[in-house]
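**Student:** Test case, fold it:
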Amino acid sequence: MKLLVLVCFVLYCTISVDSEVTTEPPYRQDLLDKGNELQGEAMIKIQQLLAQGKTAEAEELGHLRDALNNSMRAYVKTYHSPPDRDHWEKQMIQDINTLEQALHK
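**Tutor:** Purely as a prediction, here's the structure:
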């Protein structure tokens, strides 16, 4: 009986702690995954452009990739600061769209 009470108490405490932790909006892992995927595509495209001697296009694509990388890193660093997090989430979405357009034009 004492063991049952102890198990119930531990479960109650665990549930209470877990419910308090979920006060922040969900982490946008979907955006980070998409950003990582696009950065990989960009690296391949940059190598192809360099092999074709198109250094200006490769540099432009490299700058877009770097901008996305910077906004993703800033988003992760500022996740617990809502105003900064929101700014960097919007910037990351914009950088994802810009790089995606450049890759698929």
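
**Student:** Please make it C-alpha for all contacts and neighbour counts, starting now.
**Tutor:** OK.

**Student:** In contact with the most centrally placed residue in the chain, which residues?
**Tutor:** Most central residue of the chain, judged by C-alpha distance to the mean C-alpha position with Cα atoms, centre = their mean, is Leu32 at 2.3 Å. Contacts of Leu32 were listed using Cα atoms under 8 Å, 6 or more residues apart in numbering, and they are Met72.

**Student:** where does it fall, phi/psi-wise?
**Tutor:** phi -60, psi -40 (degrees, to the nearest 10).

**Student:** go on, Gln52?
**Tutor:** With angles defined as degrees, to the nearest 10, Gln52 shows backbone torsions of phi -90, psi 0.

**Student:** any idea how far Asn97 is from it?
**Tutor:** Relative to Asn97, Gln52 is positioned 25 Å away (criterion: Cα to Cα, to the nearest Å).

**Student:** ok, the two, which is more surrounded?
**Tutor:** The residue with more neighbours, out of Gln52 and Asn97, is Asn97; 15 against 10, by other Cα atoms under 10 Å.

**Student:** could you say which helix or strand contains the more buried one?
**Tutor:** Taking DSSP states H and E as the criterion, the element that holds Asn97 is helix 82-103.

**Student:** pLDDT weak spots in this structure?
**Tutor:** In the prediction, the chain carries residues with pLDDT under 70 at positions 1-25.

**Student:** contacting residues around Glu41?
**Tutor:** When contacts are counted by Cα under 8 Å, 6+ apart, Glu41 is found next to Leu103.

**Student:** hmm, try it at 10 Å
**Tutor:** 35, 65, 99-100, 103 (Cα atoms under 10 Å, 6 or more residues apart in numbering).

**Student:** Against His80, how distant is it?
**Tutor:** When Cα to Cα is the yardstick, Glu41 and His80 sit 30 Å from each other.

**Student:** Then Ile93?
**Tutor:** For Ile93, the distance to His80 equals 18 Å [Cα to Cα].
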